[in-house]
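Q: Provided below are the primary sequence and the corresponding predicted coordinates.
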Amino acid sequence: MVHTFRFCPKCGSSRFTASGPRSKKCEQCGFEFYFNSSAAVAAFIRNSQGDLLVCVRARHPQKGALDLPGGFVDAAETAEDALKREIMEELHLEVEKMNYLFSIPNVYQYSDADVATLDMFYECRVKDFSPLCASDDVACVSFMPMEEIKVEDFGLQSIKKAVSRFLQKNVDSK
Ligand SMILES: [Zn+2]
């Protein structure tokens, strides 16, 4: 990931060299860049029958694979606001209540570069599913009974791990 930028993003110098395992520093202007994680959020949403809402990805990476609703957190936005916004944009649903579960680091391939992310997972409650409509980067959406969910059908590594953890927890608590 440290090799993503060859030139200094501030002054354009080619003397932009590794200054640590996760950083590069410009020998020309002194600018130092740290390759920190971008924050991302994803939601587990179940209907009144207990079935899980799953999306099909409309865009690369992993176009056509199963996914959970969610996306990147904007600068100056809370994780909770980002998740509410994404669920409104992708599904036209309003989140009534959310509960933080856990986080999983991931590497997301975007525009031919690796982006480190920290994916935060929430369980969300939605009261009214009648406006449900897939849009934005979701091709289609459906509810799947928990026992029919296969972890390998999900595209992104962190989502696979999260779904596996969520299934385990919900099987254990039965
Ligand atoms: Zn520079």
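A: Good, I have the coordinates. Residues are numbered from 1 along each chain as shown.

Q: Determine the three-state secondary structure at Ala134.
A: Three-state call for Ala134 (DSSP: H, G, I helix; E, B strand; the rest coil): coil.

Q: in a strand, that's where Ala18 is, yeah?
A: Yes: under three-state DSSP, Ala18 sits within a strand.

Q: tell me the secondary structure for the residue lying closest to Cys26 once chain neighbours are set aside?
A: Once flanking residues are discounted, Cys26 sits nearest to Cys8: 3.8 Å by C-beta to C-beta, 6 or more residues apart in numbering. Any C-beta I mention is one placed from the backbone N, CA and C, and that applies to glycine too. With three-state DSSP as the basis, Cys8 sits in coil.

Q: For Phe121, name its beta-bridge partners.
A: Ala42, Phe102 (DSSP bridges).

Q: My guess is it contacts Asn99. True?
A: No: the pair Phe121 / Asn99 is not scored as a contact, 10.0 Å apart, by C-beta atoms under 8 Å.

Q: between these two, which one's more packed in?
A: Comparing Phe121 with Asn99 by other C-beta atoms under 10 Å, the one with more neighbours is Phe121, at 25 against 10.

Q: show me what contacts the more buried one?
A: Taking C-beta atoms under 8 Å, 6 or more residues apart in numbering, we find Phe121 in contact with 41-44, 68, 100-104, 162, 166.

Q: Once you drop chain neighbours, what's closest to the spatially most distant residue from the centre of the chain?
A: Largest separation from the mean C-alpha position in the chain: Gln28, at 35.9 Å (C-alpha atoms, centre = their mean). Take Gln28 and drop its neighbours on the chain: the residue closest to it by C-beta to C-beta, 6+ apart is Ser13, 3.6 Å away.

Q: Alright, I will stop here.
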